[in-house]
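1. This is the structure alone, sequence omitted:
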């Protein structure tokens with residue numbers, strides 16, 4: 001099953017929609033950068049806020065050739081990939 005990690009506080013509806021779409025949702029609004037860096041290897045999607053800086057080092061840990069990013073609150077200013 002495809003996995004999405006949600007690091008933001010989100011409405012239950014979003015989690016339900018992802019699950020109905022065939023995703024396993026790992027809801028971790030309090031996850032730290034270090035914890036996420038070990039979990040992201042298993043994820044296909046990542047839903048974040050600007051609380052965590054998602055940088056190239058984080059994204060390169062994924063085994064999927066790149067993670068899909070959805071910014072929930074704030075801008076994309078904390079998502080850095082080059």
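-> Perfect, I can see it now. Just so we're clear, the structure is a prediction, and the values are computed from it rather than from any experiment.
2. any idea which helix or strand carries residue 4?
-> Assessed by DSSP states H and E, residue 4 sits inside strand 2-6.
3. Show me the shaky parts of this structure.
-> Scanning the chain for pLDDT under 70 picks out the ranges 62-82.
4. Go ahead and confirm residue 6 touches residue 26.
-> Yes: between residue 6 and residue 26 there is a contact at 6.9 Å, judged by Cβ atoms under 8 Å. C-beta coordinates here come from the backbone N, C-alpha and C atoms, glycine included.
5. okay, those two: which has more neighbours?
-> residue 6 (24 against 14; other Cβ atoms under 10 Å).
6. partners of the more buried one in the sheet?
-> residue 27, residue 47 (DSSP bridges).
7. repeat for residue 2
-> Beta bridges link residue 2 to residue 23, judged by DSSP bridges.
8. Counting neighbours, which bits of the helix ranked longest in the chain end up buried?
-> Ranked by residue count under DSSP state H, the longest helix found in the chain is helix 12-20. Across helix 12-20, burial judged by 16 or more other Cβ atoms under 10 Å covers 14-15, 18.
9. ditto for stretch 28-40
-> By neighbour count with 16+ other Cβ under 10 Å, stretch 28-40 contains the buried residues 31, 36, 39-40.
10. Spit out the contact partners of residue 21.
-> By Cβ atoms under 8 Å, 6 or more residues apart in numbering, no residues touch residue 21.
11. so how far is residue 14 from it?
-> As judged by Cβ to Cβ, to the nearest Å, residue 21 and residue 14 stand 11 Å apart.
12. same check, this time on residue 49
-> Noted for residue 49: a distance of 13 Å to residue 14, by Cβ to Cβ.
13. How about residue 1?
-> 17 Å.
14. ok, now how distant is residue 20 from residue 12?
-> Counting by Cβ to Cβ - residue 20 and residue 12 are separated by 12 Å.
15. now do residue 34
-> In this view, residue 34 and residue 12 are 27 Å apart by Cβ to Cβ.
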